[in-house]
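**Student:** What shape does this take:
(2 chains)
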Amino acid sequence: MKAIKEKHSLAMRWCHWVNFPILTIMIWSGMLIYWANDEYKITLFGHTFVRFFPDWYYNLLNIPARLAEGMAFHFLFMWFFTLNGIFYILYTIISGEWRELVPQKKSFKEAFLVVLHDLHIRKMAPPQNKYNAAQRIAYTAIIVMGIGSVITGLAIYKPVQFYYLTWLCGGYHFARIIHFALTLGYVFFFVVHVVQVVLAGWNNFRSVISGFEIVDEQPKPIIQATANDEEAGSKE
Amino acid sequence: MKKPVQKNKKIKKEPTVDQQISRRNFISFTTFAVLAAAAGGGWRWLYKSPAEKASVTGGARAPLRRALNQTELAFRRVFSNNHLVKTYPKSMAAKFPRHNSDIGSDGKFDVAAWKLQVTRITGEKLAIGIDEIKALPKTDIVYDFKCVEGWDQIQHWGGVRFIDFVDHFGLTAETQLNYVGMATPDKGYYVGLDMPSAMHPQTILAYELNEKPLPFNHGLPLRLIIPVKYGIKNLKRIGTITFSNHRPPDYWAEEGYDYYSGL
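**Tutor:** The predicted structure is shown next:
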């Protein structure tokens, strides 16, 4: 029998979908800023593997020579990014939803099994509640990364007034590197996230908009009727 | 009598699971679509919003300029003279400090004829020679110069602190105003500074770089070093200093950059 099972709270859905366009704008405007001093690359043993970013990439996204514009957008949307993040964290703590989100002791071991399962190496996935172990780690990490972006951002935005943040981030240079690396992390997260959502299917995706999933409840034998009644009662 | 009762009964009948699903789907997806369209429309409005009317600032979208100004007000609250720019040992200073721009400090220039012109609020103009400035107590600073582009460099500058300068030349009344304006002798480059930043104890009218007189391309004979601001505010070759309650013109603020540009 079909049944509705509540999954995502309205607040969580709101924060998720508000964050998505804001973070996109922050990444885009961040690239407009980064272009003005694009010094980062990955070099190993004298060979440069990746240069952030090649000219074709800049030209494709129309990035060059828009520093002032990038800063103006970045320093407006930083407020929305931060406020939305604070709201989400406060909500998650107060509502108790953090219990379903924050990794547990067993999560780190289980996450490995989840990955094996998702890669079709292992047949069985560990039992889970709202989120599996890998999700717990990923969705908590992304919040920690968000906090990291705000702190490193402030550290390079006002390194004199927030000198203690700059110090905490290992100095102006390192803060800028972390700020950049976190952004790469968001893009990586986004790619994996979208692939996983596509693989998980419509029922899962809809729950981030509608809030519920449709589950198939097995009809239970009559002999368990009393137990069922108790269960139903305890659910309320 | 019976009919309405039956009707009521029908309405009160629990919707089936399928009905609940489609009802909730309809509500949530419609809401989602409406909000997404509103967000898209809002972005379009912002992205296509006209440039601000050119005045002291220019070149930015009008709503974004308002946002920059509001953000300035928020961050001015955390500004303090007790927040000092980190300083470094002399040995860490760059031997060949980076030179990024010479707008307003290029072309021919008669250094010997130079005098710093300071306009008092009374309208009286002071003409101050470089020797008068060098006679004041000298302050050295080795700090990390930061460019709005994103690069930075540890540099060693020497000169007179702005607070010592205004004190010596009796400009205390002028410092009660909100802004300081500085411009190159040819008026090709100009900056506006909020008074708290100008009066920060590390703001310097510099005449030395690496303990030698300023090189020509670094603003000979006198330039501004204001470590609480990005490089764009560190005017080379000061010609005039004025005081005002309104924002003085600012070269890069006219080009879409934040007027405050504070660190």
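**Student:** Next one: the residue in chain A positioned nearest to chain B from residue B:147, what distance?
**Tutor:** The nearest approach of chain A to chain B comes at residue A:37, 3.1 Å away (C-beta to the nearest C-beta). C-beta: built from backbone N, CA, C; applies to glycine. To residue B:147, residue A:37 is 8 Å away according to C-beta to C-beta, to the nearest Å.
**Student:** shaky segments in the chain?
**Tutor:** Since no chain was named, I'll use chain A. A:219-236 (pLDDT under 70).
**Student:** was after chain B, sorry
**Tutor:** Confidence mapping of chain B against pLDDT under 70 gives the ranges B:1-12.
**Student:** hang on, the earlier thing: who touches the closest residue in space to the residue of chain A closest to chain B that isn't next to it in sequence in this structure?
**Tutor:** Nearest residue to residue A:37, sequence neighbours excluded (C-beta to C-beta, 6 or more residues apart in numbering or on different chains): residue B:150, at 3.1 Å. Neighbouring residues of residue B:150 by C-beta atoms under 8 Å, 6 or more residues apart in numbering or on different chains: A:33, A:34, A:36, A:37, A:39, A:176.
**Student:** so who does the third one touch?
**Tutor:** I take that to be residue A:36. A:67, B:148, B:149, B:150.
**Student:** ok, now with 6 Å
**Tutor:** With contact set as C-beta atoms under 6 Å, 6 or more residues apart in numbering or on different chains, residue A:36 has these partners: A:67, B:149, B:150.
**Student:** tell me which element the last one falls in.
**Tutor:** When elements are assigned from DSSP states H and E, residue B:150 belongs to no helix and no strand.
**Student:** Show me the beta-bridge partners of the closest residue to residue B:244 other than its chain neighbours.
**Tutor:** Take residue B:244 and drop its neighbours on the chain: the residue closest to it by C-beta to C-beta, 6+ apart is residue B:179, 5.0 Å away. As for beta bridges, residue B:179 partners with residue B:194, residue B:244 under DSSP bridges.
**Student:** ok, which stretches of the chain are strands?
**Tutor:** No chain specified, so I'll use chain A. A:2-6, A:41-44, A:47-51, A:212-216 (DSSP state E).
**Student:** wrong chain, I was asking about chain B
**Tutor:** B:116-119, B:125-128, B:139-146, B:152-161, B:179-183, B:190-194, B:204-209, B:212-213, B:223-225, B:240-244.
**Student:** now the ones you listed in CSV, with mean neighbour count?
**Tutor:** CSV is the format used below for these (neighbours: other C-beta atoms under 10 Å in any protein chain shown):
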stretch, mean neighbour count
strand B:116-119, 18
strand B:125-128, 13
strand B:139-146, 20
strand B:152-161, 22
strand B:179-183, 23
strand B:190-194, 24
strand B:204-209, 23
strand B:212-213, 12
strand B:223-225, 25
strand B:240-244, 20
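**Student:** Distance to residue B:96 added to these, as JSON lines?
**Tutor:** Below are those laid out as JSON lines (distance: least, C-beta to C-beta, whole Å):
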{"stretch": "strand B:116-119", "distance to residue B:96": "27"}
{"stretch": "strand B:125-128", "distance to residue B:96": "30"}
{"stretch": "strand B:139-146", "distance to residue B:96": "13"}
{"stretch": "strand B:152-161", "distance to residue B:96": "10"}
{"stretch": "strand B:179-183", "distance to residue B:96": "26"}
{"stretch": "strand B:190-194", "distance to residue B:96": "25"}
{"stretch": "strand B:204-209", "distance to residue B:96": "10"}
{"stretch": "strand B:212-213", "distance to residue B:96": "12"}
{"stretch": "strand B:223-225", "distance to residue B:96": "17"}
{"stretch": "strand B:240-244", "distance to residue B:96": "29"}
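**Student:** Ok, which of those comes nearest residue A:91?
**Tutor:** strand B:139-146 (36.8 Å; C-beta to C-beta).
**Student:** give me the residue from chain B nearest chain A.
**Tutor:** Closest point on chain B to chain A, by C-beta to the nearest C-beta, is residue B:150, at 3.1 Å.
**Student:** Could you pull up the contacting residues of residue B:190?
**Tutor:** By C-beta under 6 Å, 6+ apart, residue B:190 lies in contact with B:183, B:249, B:251.
**Student:** Residue A:96: which of these is nearest?
**Tutor:** residue B:251 (54.3 Å).
**Student:** So which residues on chain A come close to chain B?
**Tutor:** For chain A, the residues found near chain B under the criterion C-beta under 6 Å from any C-beta of the partner chain are A:2, A:21, A:36-37, A:68, A:72, A:75-76, A:158-161, A:209-210.
**Student:** Mind doing that once more with 7 Å?
**Tutor:** Proximity of chain A to chain B (C-beta under 7 Å from any C-beta of the partner chain) is limited to residues A:2-4, A:21, A:33-34, A:36-37, A:67-69, A:71-73, A:75-76, A:158-161, A:163, A:172, A:209-212, A:214.
**Student:** I figured residue A:142 was touching residue A:189, is that so?
**Tutor:** Yes - Residue A:142 lies in contact with residue A:189 (C-beta atoms under 7 Å); the separation is 5.7 Å.
**Student:** related to what we said a few turns ago, format the contacts of residue B:190 as CSV; extra columns: distance to residue B:173.
**Tutor:** Output for the contacts of residue B:190, formatted as CSV (distance: C-beta to C-beta, whole Å):
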residue, distance to residue B:173
B:183, 21
B:249, 23
B:251, 27
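**Student:** and those residues as a markdown table, adding distance to chain A?
**Tutor:** As requested, the contacts of residue B:190 are exported to a markdown table (distance: C-beta to the nearest C-beta, whole Å):
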| residue | distance to chain A |
| --- | --- |
| B:183 | 21 |
| B:249 | 16 |
| B:251 | 12 |
